[in-house]
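[1] no FASTA, just this:
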């Protein structure tokens, strides 16, 4: 998927800097080149959330990866990373629900369905994040949390 995203982005944006001899050629890895190409595409197409989809292989970053931008946390949410094990998801639910009201994800609650560890953990993790200053640390959860921006993930239109 990364290669397909790289190819598509480079057909629509300037990827000269990641070509051999280019200023961004190194590090010469598929991940680095795809990240550059997807970002160039996103920037050149007008910076809309739909310009950063790439079959769910890309996500919007809240900060400039080089560390040059301020974080705008107004419309951010904490969700569980897709590859997180069910055991760690349950641990995250247990931790967060000791600190925040998780009754909506209990049986009969408004957010019980879909009844999956991923959805319940994302709910609990986000509630904890929202109530604890929306800091990177409040969405870490042993490196299993991911801060996303754009639409509210509960409306199912944006989850990267």
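    Great, that's in hand. Here the structure is a predicted model, which means the values were calculated and not measured.

[2] in what helix or strand does residue 14 lie?
    Following DSSP states H and E, one finds residue 14 outside all helices and strands.

[3] Isn't it up against residue 44?
    Yes - using Cβ atoms under 8 Å, residue 14 is in contact with residue 44, at 7.5 Å. (C-beta placed from N, C-alpha, C; glycine too.)

[4] And the contacts of the helix or strand harbouring residue 7?
    In this assignment (DSSP H and E), residue 7 forms part of helix 2-12. Here helix 2-12 makes contact (Cβ atoms under 8 Å, 6 or more residues apart in numbering) with 15, 30-31, 33-34, 37-38, 40-41, 44-45, 54-55, 57-58.

[5] Now that helix: buried residues?
    In terms of neighbour count (16 or more other Cβ atoms under 10 Å), helix 2-12 has its buried residues at 2, 5-6, 9-10.

[6] before we move on, what about stretch 23-36?
    24, 33-36.

[7] Sort the buried residues of helix 2-12 by pLDDT and name the bottom one.
    Within the buried residues of helix 2-12, the minimum per-residue pLDDT falls on residue 2 (84).

[8] ChimeraX command to pick out the buried ones of the contacts of helix 2-12?
    Of the contacts of helix 2-12, the buried ones can be selected in ChimeraX as follows, counting by 16+ other Cβ under 10 Å:
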select :15,33,34,37,38,40,41,54,58
